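1. have a look at this prediction, sequence included:
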Amino acid sequence: MQKKKFGTRQLTVMAMMAAIAFVVVVICHFVMPPIVEQPPLKLDLKDTIIVMAGFMLGPLPAFCISVVVSLIEMLTVSTTGPIGLLMNVLSTCAFACTASFVYKRMHNKYGAVVALLIGVVVQVAVMLLWNYIVTPIWQGAPRAVVAKMLVPVFLPFNAIKGGLNMALTLLIYKPISMALRKSNLLPSDGAAAAKKGKLSIGIYILGVVLLVSCVLFALALAKVI
């Protein structure tokens, strides 16, 4: 089983998902307006693509895609250099690799929700720690000032980011994974197909509610509404 993990089809899916994730970085991002004196916070949705790859293939492929996409981002569209690369990899892996690891052990619809929730919590916690460590070095701000920004700035930002990626994953993972299975890029999953029904509708409703809530929260945080 280990030998087949990075077979031709898996590598094809990884390359495709990495390419899509980078396109998402380029065309679908939003820089949060400053609330206080803070470093620029860019909200993008590439984690949705990477966590879906992790659900399909496992946490190690999710990690590899995260590193590749973050490296290409640093070399092309990013202005944050190696620090931005580090923070991107940490943030994405905290969410996508954690969720993928849990989903491998709870491989059902409830497990997907639980895995994504745990991924969001881990991402928020990891980024609070690393913003506290890195931001003073990166921005030249006193650590005491950064510490005061953790709860009012970094916590809601990462919670919104994680919530949006969770919501989008719940909404689009199933049709994308089914399309890949029909294309024979992923093995068929007859057991999963047999479990469709009311629970799927509940998953989509949860995804829509979470998506709308996170968008409204982001607009309120940006003082748009």
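-> Now that the structure is in, tell me what you want to look at. Numbers count the residues shown, from 1 in each chain.

2. break down the protein into its helices, ranges please.
-> For the chain, helices defined by DSSP state H occupy the ranges 8-27, 46-57, 59-76, 81-105, 109-139, 143-149, 155-182, 190-193, 198-221.

3. orientation of the longest one relative to helix 155-182 in degrees?
-> With axes from the mean of the first three to the mean of the last three Cα atoms, to 10 degrees applied, the angle from helix 109-139 to helix 155-182 works out at 130 degrees.

4. can you start the count at 33 instead of 1 from here on
-> I'll keep to 33 as the first residue from here, and by that count the last item is helix 141-171.

5. what mean pLDDT does helix 141-171 get?
-> The pLDDT scores in helix 141-171 average 93.

6. elements contacting it?
-> helix 78-89, helix 113-137, helix 175-181, helix 187-214, helix 230-253 (3 or more Cβ pairs under 8 Å, 6 or more residues apart in numbering; DSSP states H and E). For the C-beta atoms, the positions are set from N, CA and C on the backbone; glycine is no exception.

7. buried ones in that helix?
-> 141, 143-145, 147-148, 150-152, 154-156, 158-159, 162-163, 166-168, 170 (16 or more other Cβ atoms under 10 Å).

8. just the third one next, same as before
-> For helix 91-108, a neighbour-count test (16+ other Cβ under 10 Å) marks 91, 93-102, 104-106 as buried.

9. residue nearest the centroid of the chain?
-> In the chain, the centroid-proximal residue (Cα atoms, centre = their mean) is Asp79; its distance is 2.4 Å.

10. tell me the contacts of that residue?
-> By Cβ atoms under 8 Å, 6 or more residues apart in numbering, Asp79 lies in contact with 123-124, 127-128, 193-194, 197.

11. count the neighbours of the closest residue to it other than its chain neighbours for me.
-> Closest residue in space to Asp79, ignoring its immediate chain neighbours: Asn197 at 4.2 Å, by Cβ to Cβ, 6 or more residues apart in numbering. Residues within reach of Asn197, counting by other Cβ atoms under 10 Å, total 29.
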